[in-house]
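> what's the 3D shape of this:
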Amino acid sequence: MFTLLALLLTFYSCANKGVGPQGGPKDETPPQMQKEVPENGTLNFSGKTIILYFNEYVQLDKVADNVMISPPQQKPPVIKAIGKRVIVAFEEPLRDSTTYTIDFGSAICDNNEKNPMQGYSYSFSTGDHIDTLEIKGQVLNARDLNPMSGITVGIHANHADSAFEREVFTRIAKTDENGLFNIQNIKSGSYRIYALNDVNKDYVYQTGELLSFTDSVFTPTMRREITADTIWKDTIDIDTVIIAEKTLPNIDNIVLYVFKEDKKRHYFIRCVREAPNYFRLFFSAPQDSMPRVMPLQTDWLKYALCQPNATFDTITYWLTDSAVIHTDTLQMEMTYLKTDSLWQLQEQTDTVKAIYRSPRLSDRAREKAEKAERERKVRLTTNANNSFDIFDTLQIVADTPLDTIKWDSIQLLIKQDTTWLKTNFTVQPADSSKMRYNLLTEWQFGQTYRLLIDSCTVKDIYGKTNEKSRNELKVKKADEYASIIVKIEPYDERAVIEVIDEKENIIRSQKAKKEGCKFENLKPKAYYLRLFIDENGDGKWTTGDWSKRTQPEPVYYFSKKLTLRANWDFEETFEYLTQPRHLQKPETIKKDGSKKK
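Sure thing, here's the model as predicted:
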């Protein structure tokens, strides 16, 4: 009987698989507003609290990032979700006769699927009317024209430059993922407009923050709609724009190009000693000069090779005395330039320790390590390979700094039929490290080369030499490359043309020529074109400077992707002024410039 009952239960459970709650479609509906207390658009507001009622339970997401209150408040209100309500409680007195706007962004979400309620803003006035004017526009990165999300855009009724650094914005908005902004409920008047990645949320510019500024004074007149595609023609109505006391009518667009000034805080980061025979000092920014170092306790400096990089922000000390090498802790007093609170460079003196903790080894392991060091050879590596580009430079890299090199013990041979013939070359240091060297020659398309380095050709600072080595490389054929001729219209002798890849790495660049620039020996793949106007003539793109009131050099994009084919020559005319700059960048490489890589 028991067995029969068990069989029946098993049959019943198998027959009913899938029966019961199976779930339904995913909820993708954001919360719906049911009631606002007081109502949106209330006049003569004198309370301290706003309550928003929804049709379902809600939660708040990243209030500090998503919610913008205009005019901004030094002490933001407390915003919290309780059940089906969102409560806003003001913590500081409201200004008289002022229109307030609370833009919730994507902060209000449902409680289950976190579907955000987009585009909701609440306005009220402490006076007898609501200001209704708007300023809309877009914020782009000045160097690559990418849209910038999360940027604070603010206006000042005070037209003085000093207001940007000392006064809280009159009204603000934050850019969306397309870099678009909409400053709402503006009082009639004229304003200066700025953009800022307001790191410390104080609504004033601090050195080191991204910024954008204009020399224009804007007078908004009415409300209009805007999309990313219509921003150029339908951004803002402006009665007049005042520039240097001259009036220009009918300006109908606002695009702000944010930039970071060429200013970095200078400070010492750390000392790293990865091995007993060297340590490195790291600084936050390029230095104009070497720090002054005075050894403490042990005078290790006279047994060290100092090896700074080109910008003095990474300095390596190679230790050459065995007693110093086996000293676990080396101390020094270091004097260097550090940025103070006013962004001035001041001398700073620190006590720095270079510490190496030896691993605990057994006697056998220690003997093995000591033997390996005694028998160690200088390891030389090269970038030679069977697919060597005609424009590449052959490099020889040592794993320790070199003391001497016998150049006549290095040969570069070229293969002719079955014979190897010597070919001429020169060698020059690739940097100041005494570890990297460039071997320069005129490579020939499609040819095979052999690099021979005899034993004992080099000797490092520890007296170690190298073993004999042989490396071969084959240069690609001419028909494996493509080339392109780029002409710009209108011609500007200050323009610099850049060929970039899909990640916007600069592959080649040339100063513009009237007959066009020819970029040869390009790998056959997709490229894009960009140019900037080199206004100061230094050959590189220059950012803006708020203290000097200079704007970043203007950047333009060729609007199409160029797919180059092997053994083909292409020609393009870059008409960089036929389309507004903010519409030029190809969608295939456009991304949110505020997102971290």
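> ok, residues contacting stretch 327-346?
Residues outside stretch 327-346 that contact it (CB atoms under 8 Å, 6 or more residues apart in numbering) are 207-208, 263, 265-268, 273, 279, 281, 283, 287-289, 291-298, 300-301, 324, 347-358. For the C-beta atoms, the positions are set from N, CA and C on the backbone; glycine is no exception.
> quick one, which of those are buried?
266, 268, 273, 279, 281, 283, 287, 291, 293, 295, 300, 324, 348, 352, 354, 356 (16 or more other CB atoms under 10 Å).
> now, which of the residues you listed sits nearest residue 432?
residue 287 (14.2 Å; CB to CB).
> residue contacts, that closest one?
Here residue 287 is in contact with 266, 311-313, 336-337 (CB under 8 Å, 6+ apart).
> repeat the analysis, applying 7 Å as the threshold.
Under the criterion of CB atoms under 7 Å, 6 or more residues apart in numbering, the neighbours of residue 287 are 311-313, 337.
> hmm, back to that, out of the contacts of stretch 327-346, which sit inside strands?
268, 273, 279, 281, 283, 292-296, 347-355 (DSSP state E).
> min pLDDT across the buried ones among the contacts of stretch 327-346, which one?
Here the lowest pLDDT out of the buried ones among the contacts of stretch 327-346 sits on residue 287, with 90.
> show me where the stretch 151-300 of the chain has helices.
163-166 (DSSP state H, counting those that start in this stretch).
> so, low pLDDT: which residues of it?
Residue ranges of the stretch 151-300 of the chain with pLDDT under 70: 221-253.
> just the stretch 451-597 of the chain next, same as before
In the stretch 451-597 of the chain, residues with pLDDT under 70: 596-597.
> count the neighbours of residue 390 for me.
Other residues lying near residue 390 total 18 when counted by other CB atoms under 10 Å.
> confidence score at it?
95.
> so it makes contact with residue 444?
No: between residue 390 and residue 444 there is no contact under CB atoms under 7 Å: 8.5 Å.
> joint contacts of the two?
In contact with both residue 390 and residue 444: residue 475, using CB under 7 Å, 6+ apart.
> ok, which stretches of the stretch 401-550 of the chain are strands?
402-405, 410-416, 419-422, 426-429, 436-440, 448-453, 458-460, 469-474, 482-489, 495-500, 506-511, 517-522, 526-533 (DSSP state E, counting those that start in this stretch).
> which helices and strands does the first one pack with?
What it means is strand 402-405. strand 458-460 (3 or more CB pairs under 7 Å, 6 or more residues apart in numbering; DSSP states H and E).
> let's go with 10 Å and repeat that
In terms of contacts (3 or more CB pairs under 10 Å, 6 or more residues apart in numbering; DSSP states H and E), strand 402-405 is packed against strand 394-398, strand 436-440, strand 458-460.
> and the residue nearest to residue 272 when sequence neighbours are not counted, what are its bridge partners?
Spatial nearest neighbour of residue 272, excluding adjacent residues (CB to CB, 6 or more residues apart in numbering): residue 280 at 5.1 Å. Beta-bridge partners of residue 280, counted by DSSP bridges, are residue 272, residue 316.
> residue 280 and residue 528, how far apart?
Distance of residue 280 to residue 528, given as CB to CB, to the nearest Å: 37 Å.
> if we can go back for a sec, any idea how far residue 317 is from the residue nearest to residue 272?
8 Å.
> likewise residue 473?
35 Å.
> if you count surrounding residues, which of these two has more?
Higher neighbour count among residue 473 and residue 317: residue 317, with 24 against 20, using other CB under 10 Å.
> that one touches residue 290, doesn't it?
No: Residue 317 is beyond contact range of residue 290, at 11.5 Å (criterion: CB atoms under 10 Å).
> intersection of neighbour lists for those two?
Common contacts of residue 317 and residue 290, defined by CB atoms under 10 Å, 6 or more residues apart in numbering, comprise 281, 306, 308.
> out of those, flag the one nearest to residue 468.
Once CB to CB is applied, the member of those that ends up nearest residue 468 is residue 306, at 31.6 Å.
> what's the burial count for the residue nearest to residue 272?
If we define neighbours as other CB under 10 Å, then residue 280 has 16 of them.
> break this protein down into its domains, please.
33-125, 133-258, 268-355, 380-476, 480-589 (automatic domain parsing).
> what's the overlap in contacts for residue 280 and residue 317?
271, 273, 307, 354.
> mind listing what the first one touches?
Going back to what we said before, that points to residue 271. Taking CB under 10 Å, 6+ apart as the test, what residue 271 contacts is 279-282, 315, 317, 330, 332, 334, 350, 352-355.
> same check, this time on residue 401
278, 305, 307, 316, 318, 320, 378, 433-435, 460-462.
> go on, residue 38?
Per CB under 10 Å, 6+ apart, neighbours of residue 38: 45, 47, 49-51, 122, 124.
> and if we set it to 8 Å?
Residue 38 touches 45, 47, 50, 124, counting by CB under 8 Å, 6+ apart.
> which one of these sits closest to residue 486?
Distance to residue 486 across the contacts of residue 38 (CB to CB) is lowest for residue 124, with 55.6 Å.
> isn't the closest one right next to residue 36, touching?
No: under the criterion of CB atoms under 8 Å, residue 124 makes no contact with residue 36, lying 9.7 Å away.
> tell me, what's touching the two both at once?
residue 50.
> quick one, which of those two is more surrounded?
residue 124 (23 against 15).
> next, the more buried one: secondary structure please.
Look at residue 124: counting by DSSP: H, G, I helix; E, B strand; the rest coil, its state is strand.
> report the beta-bridge partners for the nearest residue to residue 430 once chain neighbours are set aside.
Spatial nearest neighbour of residue 430, chain neighbours left out: residue 436 (3.8 Å); criterion: CB to CB, 6+ apart. Taking DSSP bridges as the rule, residue 436 bridges to residue 397.
> all strands for the stretch 151-300 of the chain, in order.
152-156, 171-174, 180-186, 192-196, 211-213, 217-220, 238-243, 246-249, 255-258, 268-275, 278-283, 292-296.
> quick one: the longest one to strand 278-283, angle?
Using axes from the mean of the first three to the mean of the last three CA atoms, to 10 degrees, one finds that strand 268-275 and strand 278-283 are set 160 degrees apart in direction.
> give me the distance between strand 268-275 and the centre of its chain.
25 Å (CA atoms, centre = their mean, to the nearest Å).
> please begin residue numbering at 28 from this point
Happy to do that; since the first residue is 28 now, the last one works out to strand 295-302.
> would you quantify the distance from the closest residue to residue 227 other than its chain neighbours to residue 150?
Closest residue to residue 227 apart from its sequence neighbours, by CB to CB, 6+ apart: residue 233 at 6.6 Å. Computed with CB to CB, the distance linking residue 233 and residue 150 is 29 Å.
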